[in-house]
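K.L.:
here is my input; please provide its structure:
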Amino acid sequence: MTSSELRHEIIKQANNYTLRKGFQEPNHYFHSPGGVVIFKKYDQDKKHGNFLDASFDVIMNTSWKAKFEKLHTHFHDGTKELDSCNSSDALLMNIFCHPRISEWKGIREMFGGDNLKKIKFGCMPKISKNINKFDNTEIDMCSTTFFVEAKLTEPDFTSKKKSVVESYIDFETVFDREKLNPSDSVYHNYQLIRNILTLKKYNDKDFYLICDQRRSDMISSFNVTLACVKEDRLKARCHLVFWQEITERSGKDLKEFLQEKYGF
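P.N.:
Predicted coordinates for the structure are as follows:
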C-alpha cells in the first residue's frame, strides 16, 4: 500500500469513527480542503476527538501538553499537528501516554523489557559532524533504553545532500557507502541513516521504527538501509515494529480505539 492509499484509508476510517462517536461538524471536527479530518478539543477542552480519553487526560496533566501548540506544516490556518487524523505523533502519543502502558507485558517485551515510564517526545540527541559541529535533529520519541521513529502516511524517509550525510564523523565507520547507492547528489532514507548513526554514539540504546505493516515501501527501505550497516552488533539494535502488533498487545480500551479509528 502506498502512502497515498494509506492516507485515504486512514481518512475513511476517521470519517466512519466520527459517525460512530456521534461527533458533529464543526463542533468536534472539520475537513481540510484535501478532505483530511481535523479533530478538535471539546467538552470544555477536557476531551479531544483525535485521542483516547485516558491518554488525553495524561497528556493534559503533564508537560506533554505543549505538543498541542505545534502547527501543522501542510496547513496555514492555525491547524495543529496533533489535530490531524493522519498524524503519526498523535497515534504515538495515544499509545505511549496511556496510563497503563507499562502494565502490558506484551508491549514491554516488544520494547526490550523497558518499563515505559520514562518516555520523552521530541528528543534531540547530538551527533558529531566534521569541523567540531553537531546535529541535533529531533527524533519522535525516546526512553532511557531506546529511540523511536514513528511513521504513518508520510511518503518516505526523506533525502539529504551527499555532502551533509558524509559530514557525520561516524558515517564511513557505520555504513558501506557503495551499498547505500546514493544518486549523483543525495542519499535516500536519510532519517534511517541518521537514526542508526545516533546508535553509534548512544551505545546503551536501541532504535525502533514503527510503521504500518501495509507500507511495503517503508519496510523495504528499512531492510535495504540496515543491510548497508557494517557491524552486526549495531544491526541487532535496530528493530521494525508494526502498529498492528502494538494494537494486538494493548489493553482492551486502547486496542478497541486503535481498531476502530485506524483499522489496525
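
K.L.:
helix or strand with the lowest mean pLDDT in the protein?
P.N.:
The helix or strand of the chain with the lowest confidence, counting by mean pLDDT, DSSP states H and E, is strand 133-135 at a mean of 79.

K.L.:
check contacts around Cys97.
P.N.:
By CB atoms under 8 Å, 6 or more residues apart in numbering, Cys97 lies in contact with Ser55, Phe56, Val58, Ile59, Thr62, Trp64, Ile119. Every C-beta, even on glycine, is put in place using the N, C-alpha and C of the backbone.

K.L.:
returning to what we had before: same for the least confident helix or strand of the chain, what does it pack against?
P.N.:
Judged by 3 or more CB pairs under 8 Å, 6 or more residues apart in numbering; DSSP states H and E, the packing partners of strand 133-135 are strand 127-129.

K.L.:
returning to that earlier point: reformat the contacts of Cys97 as TSV; add distance to Thr247.
P.N.:
Formatted as TSV, those follow (distance: CB to CB, whole Å):
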residue	distance to Thr247
Ser55	14
Phe56	18
Val58	19
Ile59	20
Thr62	24
Trp64	21
Ile119	18
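
K.L.:
which one of the residues you listed is nearest Ser221?
P.N.:
Nearest to Ser221, judged by CB to CB, of the contacts of Cys97 is Ile119 at 25.6 Å.

K.L.:
what sits against the closest one?
P.N.:
Phe96, Cys97, Met141, Cys142, Ser143.

K.L.:
out of the contacts of Cys97, which are buried?
P.N.:
For the contacts of Cys97, a burial check counting by 16 or more other CB atoms under 10 Å picks out Ser55, Phe56, Val58, Ile59, Trp64, Ile119.

K.L.:
per-residue pLDDT, the first one?
P.N.:
Note on Ser55: pLDDT of 98.

K.L.:
please begin residue numbering at 58 from this point
P.N.:
All set: I'll call the first residue 58, so the last point we hit is now Ser112.

K.L.:
and the next element down the chain from the helix or strand where it lies?
P.N.:
Per DSSP states H and E, Ser112 falls inside helix 110-117. The helix or strand immediately downstream of helix 110-117 is helix 145-153, counting by DSSP H and E.

K.L.:
nearest spatial neighbour of Asn151, skipping sequence neighbours?
P.N.:
Excluding its sequence neighbours, the residue lying closest to Asn151 (CB to CB, 6 or more residues apart in numbering) is Ser112, at 4.8 Å.

K.L.:
I'd like to know which elements the helix holding Ser112 is packed against.
P.N.:
In terms of contacts (3+ CB pairs under 8 Å, 6+ apart), helix 110-117 is packed against strand 104-105, helix 145-153, helix 309-319.

K.L.:
Ser61: which of the ones you listed is closest?
P.N.:
Closest among those, using CB to CB: helix 145-153, at 15.5 Å.

K.L.:
restricting to C-alpha, output the closest one in CSV.
P.N.:
Extracted C-alpha coordinates of helix 145-153, given in CSV (Å, rounded to 0.1, in the frame of the first residue of the first chain):
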residue,chain,number,x,y,z
SER,A,145,1.8,9.8,13.4
ASP,A,146,2.7,11.8,16.5
ALA,A,147,-0.9,11.7,17.7
LEU,A,148,-1.0,8.0,17.2
LEU,A,149,2.3,7.5,19.0
MET,A,150,1.1,9.6,22.0
ASN,A,151,-2.3,7.8,22.1
ILE,A,152,-0.3,4.6,22.7
PHE,A,153,2.6,5.7,24.9
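
K.L.:
from the chain's centroid, how far away is that helix?
P.N.:
Using CA atoms, centre = their mean, to the nearest Å, the mean C-alpha position of helix 145-153 is found 8 Å from that of the whole chain.

K.L.:
what's that helix in contact with?
P.N.:
With contact meaning CB under 8 Å, 6+ apart, helix 145-153 is reached by 107-109, 112, 116, 121, 124, 138-141, 158, 173, 176, 178, 197-198, 205, 207-211, 267, 300, 303, 307, 311, 314-315, 319.
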